[in-house]
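>>> the following comprises the amino acid sequence and a computationally predicted model.
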Amino acid sequence: MSWNCGIEGETDDPAIRKLRARKKRSFLTTLLLSQGVAMLLAGDEIGHTQKGNNNAYCQDNEISWLNWELDAEQKRLFNFFCRAIRLWRQHPVFQRRQFFQDHAIRERNCTDICWLTPDGTLMTDADWNSDTVHCLGIRLEGKMIDETDEYGKEIVGTTVLLLLNGQEDDVRFTLPQHPFHEYWQPVLDTAVLRVPTYRLRKGYRYLLRGRSMALLELRSHLPKILDRWVD
């Protein structure tokens, strides 16, 4: 099942084209920042659609050919995807070798991964089983105590927060708790081409647009040398 924003095929409607562009960014980012190898088809990064043909291996024509003379819309998608790839490369937490297993995902004091409601609280069984839940958050702990590098050292990266909104309506997502010397910094938002640069504290209600997702990093006000002295 699929939904093409109200019109099938090509359209000049600016509202539909804007929504389609947002959904492309959201789908690509969701896939790229998932655990494991991102299975991408050449041309995805420039919005090549194959005109809806999902089995075009024998189509030696415009359906499968890639046109590298990019228009403005394709260039924006390509540049956005490059930014998402750079963020993936910067964060070890997106490149885990093992499943999350330090704590159960519904445990109150989980450390490696936490699933959150738009209220900033941990998801319950009722939330998981609800047919109306289309928005959630994922907090990934940067201190990967169950992962080591090639030298046997513990991998320590940045803690991140993924916010996903699959519904049409915007959602005000309450950012979760963090130590007093830290803050949440937006670094990617599929609803906008430029993310805000201001620092966000716990309890802030982040505006998550419909059909979009955002990535935030947990940063510190203090130099790294002082982090171990602050609880």
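Cool, the structure landed. Numbering: from 1, shown residues only.

>>> ok, and the closest non-adjacent residue to P186?
Closest residue to P186 apart from its sequence neighbours, by C-beta to C-beta, 6 or more residues apart in numbering: V195 at 4.4 Å. C-beta here means a position set from N, CA and C on the backbone, and glycine is covered the same way.

>>> got a list of what that neighbour touches?
186-189, 214 (C-beta atoms under 8 Å, 6 or more residues apart in numbering).

>>> which of those lies closest to M39?
Each of the contacts of V195 was scored against M39 by C-beta to C-beta, and L188 proved nearest at 20.6 Å.

>>> for that closest one, give the beta-bridge partners.
Beta-bridge partners for L188, by DSSP bridges, are L215.

>>> with just CA atoms, put the helix or strand encompassing Y206 into CSV.
Per DSSP states H and E: Y206 is located in strand 205-208. What follows is strand 205-208, C-alpha atoms only, in CSV (Å, rounded to 0.1, in the frame of the first residue of the first chain):
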residue,chain,number,x,y,z
ARG,A,205,8.7,21.0,23.4
TYR,A,206,10.3,20.5,20.0
LEU,A,207,8.1,21.2,17.0
LEU,A,208,8.1,18.0,14.9
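
>>> what's that strand packed up against?
strand 160-165, strand 171-174, strand 212-220 (3 or more C-beta pairs under 8 Å, 6 or more residues apart in numbering; DSSP states H and E).

>>> for L28, which of those strands is the nearest?
strand 212-220 (10.3 Å).

>>> what's the angle from the closest one to strand 160-165?
Relative orientation of strand 212-220 and strand 160-165, computed by axes from the mean of the first three to the mean of the last three C-alpha atoms, to 10 degrees: 160 degrees.

>>> ok, residues contacting strand 212-220?
By C-beta under 8 Å, 6+ apart, strand 212-220 touches 22, 25-26, 29-30, 33, 87, 142, 158-165, 175, 178, 181-191, 195, 199-200, 206, 208, 227.

>>> among those residues, name the buried ones.
Among the contacts of strand 212-220, the ones that count as buried by 16 or more other C-beta atoms under 10 Å are 22, 25-26, 29, 33, 87, 142, 158-165, 175, 178, 182-191, 195, 200, 206, 208.

>>> still on that earlier bit, what strand or helix carries the residue nearest to P186?
Counting by DSSP H and E, V195 is found in no helix or strand.

>>> okay, it: pLDDT?
V195 carries a pLDDT value of 86.

>>> before we move on, what about R97?
At R97, the model reports a pLDDT of 85.

>>> same check on G6?
For G6, pLDDT reads 89.
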